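**Student:** Take this sequence and fold it.
(one chain, ligands or ions: 2)
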Amino acid sequence: MKRSLLLLLCLAMLLAMTACKSLSDTEYHIDKSACNGCTNCSAVCPSDAIYFDSNGKAVIDQSKCTKCGDCVAVCPQNAIY
Ligand code: SF4
Ligand code: SF4
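**Tutor:** Numbering: from 1, shown residues only. Ligands and ions are numbered 1, 2, ... in the order given. Have a look, this model is predicted:
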């Protein structure tokens, strides 16, 4: 009985760890139609992961982004999701 309880607990922990990992793997993207090019996001990005396209819209370089979420908090347009 104790053994199956322990097994169940391990399984639950494994599931929780998998859920956390998939959450932290979430990529951030920018809705270009909402972005006004204010540069707030690039100013706070600790990884220098945000650049601007030829239309002045912010773009996230996924290879640099550490998924910290700092840019989301400062966007006045709620354009980062
Ligand atoms: S903070 Fe928002 S509106 Fe400003 S440049 Fe970045 S994505 Fe665009
Ligand atoms: S989530 Fe963090 S690292 Fe990624 S673009 Fe936004 S501020 Fe930069």
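
**Student:** what about stretch 29-40, near ligand 2?
**Tutor:** No: counting by Cβ under 6 Å from any ligand atom, ligand 2 has no neighbours in stretch 29-40; the shortest distance is 8.8 Å. In short, each C-beta sits where N, CA and C put it, glycine included.

**Student:** Any buried residues in that stretch, and which?
**Tutor:** Buried residues in stretch 29-40, defined by neighbour count with 16 or more other Cβ atoms under 10 Å: I30, C35, N40.

**Student:** Is the second one in contact with N78, as I believe?
**Tutor:** No: counting by Cβ atoms under 8 Å, C35 does not reach N78; the two are 10.2 Å apart.

**Student:** re the thing from before, the buried residues of stretch 29-40 in helices, which ones?
**Tutor:** N40 (DSSP state H).

**Student:** from the buried residues of stretch 29-40, which single one is nearest ligand 2?
**Tutor:** Ranked by distance to ligand 2 (Cβ to the nearest ligand atom), the buried residues of stretch 29-40 are led by I30 at 8.8 Å.

**Student:** what's around the residue nearest to that closest one when sequence neighbours are not counted, how many residues?
**Tutor:** Nearest residue to I30 in three dimensions, chain neighbours excluded: A58, at 5.0 Å (Cβ to Cβ, 6 or more residues apart in numbering). A58 has 25 neighbours, counted by other Cβ atoms under 10 Å.

**Student:** repeat for the one 5 residues further on
**Tutor:** Applying the criterion other Cβ under 10 Å, we find 7 residues in the vicinity of S63.
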